[in-house]
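> This is a predicted model, with the sequence first.
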Amino acid sequence: MSDILPTDQKYFKKIYEAAHKMADFYGFMKIDTPIVENEEVFDKGTGASTDIVKKEMFAFKTKGGDALALRPEGTPGIARSFIENGMHSWPQPVKLWYFGPFFRYEHPQAGRYRQFWQFGFEVLGESGPVIDAQIIQIFYNILKELKLKDLSVEVNSIGDNQCRPYYKKLLTNYLKSRESSLCSECRRRIKENVLRFLDCKEEKCQPIKTEAPQILDHLCDECKAHFKTVLEFLDEIEVPYQLNPYLVRGLDYYTKTVFEITSLLEGETEKKKIELGGGGRYDKLLKTLGGRDTPACGGAVGVERVIMFMKRQGVEIDEPREVSVFLSQIGDMAKRKSLKLLDQFRKAKISVGESFGRDSLKAQMNRADKLGARFTLIIGQKEALDGTVIIRDMKNGKQAIVKLEKAVSEVKEMLKK
């Protein structure tokens with residue numbers, strides 16, 4: 001787990017603002033679910049056989065015997081909230097977005113930690129393929145707004161309960177005849193979660209994967225029509241995409257469309273494709289968790305991964321603090337007067353800089369200059385005793401002495417000019 005240092009806060013802020021702006025435009029409402037949920041939410045929702053639940057989830061029991069977990073992802077918690085809060089009675093579809101920390105016990109990778117941040121968008125209560133395309137468009141546009149380069153969208157359909165069982169049986173039979181040539185993890189996957197074989201990165205499994213039957217060839221008519229329409233929408237809105245028949249995503253609740261958005265990370269010898277985010281349709285999740293049959297689609301993006309790419313691709317974030325006035329003070333009495341004056345400027349909504357820890361007027365004036373202050377107010381021992389303040393125009397060096405109680409109104413008038 002890692003600290004988010006002040007140097008990285010500007011990136012978090014930039015990403016949050018980009019997501020928030022997009023959410024407002026598309027009519028998504030913000031939701032925050034608890035960081036700790038009942039373990040069952042993820043066992044049932046994410047899937048007991050997934051790597052996330054089996055290997056990566058921080059699960060624990062309370063002194064009272066409750067089985068809880070730190071949330072490893074966002075969608076099951078949102079589905080649980082949808083059910084518990086009766087959102088099925090809200091105007092449909094319900095469009096929600098979130099931004100927050102998640103937890104997975106896994107080996108730290110490039111841009112990925114055991115406490116990591118994600119933002120996500122979810123649409124619940126709509127089955128049309130236009131939503132799949134719009135979700136992909138939203139994430140793609142946010143990453144473009146953040147000036148990331150070499151973005152690529154990969155899409156696939158993994159069918160539904162009508163056609164997927166037949167394909168899984170077909171794939172299982174194919175793999176069983178080649179079981180001795182598979183890696184140990186894929187031999188386990190044949191029994192527990194055969195679709196995860198398609199996501200295997202082991203070198204010895206690649207030739208077998210290349211020859212494996214592809215799910216796109218075995219979709220039922222409904223899934224085929226749905227996916228065809230999604231691709232037509234993506235063509236229309238000019239989101240560049242690639243078909244990836246091996247894309248399955250590692251979560252049990254997905255149906256039909258799945259997608260990932262990647263960028264290229266430049267290594268010592270070659271560029272490597274790294275996933276920034278992904279998602280898909282999950283039409284059966286809410287029913288699995290005890291709710292009504294509710295179609296849904298959504299996805300999430302990893303914030304630390306995005307920051308890593310922003311830094312490596314040279315995306316600069318300028319966050320100059322605009323300061324209209326700088327308060328310079330010399331001596332304890334002047335500091336006391338300045339503290340009160342500072343609060344008066346805050347109430348007047350005039351941005352102010354200060355450097356209370358420094359007594360050197362020269363150092364303070366240099367600080368005012370760096371902050372780009374329009375005026376500097378100087379209070380020394382004499383001014384503190386007289387109840388006055390010197391207002392210096394930082395552009396032409398002209399100075400005026402005014403009563404302390406009139407300083408805010410005088411500066412306000414000068415700023416107007």
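Nice, thanks for sending it over.
> what sits against Thr46?
Thr46 sits next to 52-53, 72-73, 76, 251-253 when contact means CB atoms under 8 Å, 6 or more residues apart in numbering. (C-beta placed from N, C-alpha, C; glycine too.)
> what pLDDT does the spatially most central residue of the chain get?
With distances taken as CA atoms, centre = their mean, Phe119 lies nearest the centre of the chain, 2.8 Å away. pLDDT, Phe119: 98.
> ok, back up a step: of the contacts of Thr46, which one scores lowest on pLDDT?
For the contacts of Thr46, the pLDDT minimum is Leu251, 79.
> May I have the residues that are in contact with that residue?
Residues near Leu251 by CB under 8 Å, 6+ apart: 46-47, 50, 52, 73, 75.
> Just name the closest of those residues to Asp199, please.
Thr50 (11.2 Å; CB to CB).
> picking up where we left off before, which of the contacts of Thr46 has the largest number of neighbours?
When neighbours are taken as other CB atoms under 10 Å, the top entry among the contacts of Thr46 is Pro76 (27 neighbours).
> Using PDB, list the CA coordinates for the helix or strand where that one lies.
Per DSSP states H and E: Pro76 is located in helix 75-84. Provided in PDB are the C-alpha atoms of helix 75-84 (Å, rounded to 0.1, in the frame of the first residue of the first chain):
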ATOM      1  CA  THR A  75     -19.800  -3.300  -9.000                       C
ATOM      2  CA  PRO A  76     -21.100  -5.900  -6.500                       C
ATOM      3  CA  GLY A  77     -21.400  -3.200  -3.800                       C
ATOM      4  CA  ILE A  78     -23.300  -1.000  -6.100                       C
ATOM      5  CA  ALA A  79     -25.600  -3.900  -7.100                       C
ATOM      6  CA  ARG A  80     -26.200  -4.600  -3.400                       C
ATOM      7  CA  SER A  81     -27.000  -1.000  -2.800                       C
ATOM      8  CA  PHE A  82     -29.400  -0.900  -5.700                       C
ATOM      9  CA  ILE A  83     -31.300  -3.800  -4.200                       C
ATOM     10  CA  GLU A  84     -31.300  -2.700  -0.600                       C
END
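> Beyond that helix, next helix or strand please.
For helix 75-84, the following helix or strand on the C-terminal side (DSSP H and E) is strand 94-103.
> Hmm, Phe102 and Gln118 touching each other?
Yes - look at Gln118 against Phe102 with CB atoms under 8 Å: they come within range, at 5.6 Å.
> shared neighbours, the two?
Joint contacts of Gln118 and Phe102 (CB under 8 Å, 6+ apart) are 73-74.
> next one: the lowest-mean-pLDDT helix or strand in the chain to chain centre, how far?
Least confident helix or strand of the chain, by mean pLDDT, DSSP states H and E, is helix 51 with a mean of 80. The chain centroid and the centroid of helix 51 are separated by 22 Å under CA atoms, centre = their mean, to the nearest Å.
> Identify the residues contacting the helix holding Pro76?
Taking contacts as CB under 8 Å, 6+ apart, the residues outside helix 75-84 that touch it are 31, 33-34, 37, 41-42, 44-46, 71, 87-88, 94, 96, 98, 120, 122, 124, 251, 253, 282, 285-286, 289-292, 294, 296, 298, 300.
> For that helix, buried residues please.
Buried residues in helix 75-84, counted by 16 or more other CB atoms under 10 Å: 75-83.
> between the contacts of Leu251, which is nearest His107?
The closest of the contacts of Leu251 to His107 turns out to be Ile52 (CB to CB; 13.8 Å).
> what's the spacing between the closest one and Glu410?
Using CB to CB, to the nearest Å, Ile52 is found at 62 Å from Glu410.
> ok, back up a step: just the ones of the contacts of Thr46 in helices?
Counting by DSSP state H, those place Pro76 in helices.
> Redo the contacts of Thr46 as a markdown table? Include distance to Lys169.
Converted to a markdown table, the contacts of Thr46 look like this (distance: CB to CB, whole Å):
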| residue | distance to Lys169 |
| --- | --- |
| Ile52 | 25 |
| Val53 | 24 |
| Pro72 | 29 |
| Glu73 | 28 |
| Pro76 | 27 |
| Leu251 | 21 |
| Asp252 | 17 |
| Tyr253 | 20 |
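> count of residues packed around the closest residue to Lys395 other than its chain neighbours?
Excluding its sequence neighbours, the residue lying closest to Lys395 (CB to CB, 6 or more residues apart in numbering) is Arg374, at 7.5 Å. By other CB under 10 Å, 17 other residues sit near Arg374.
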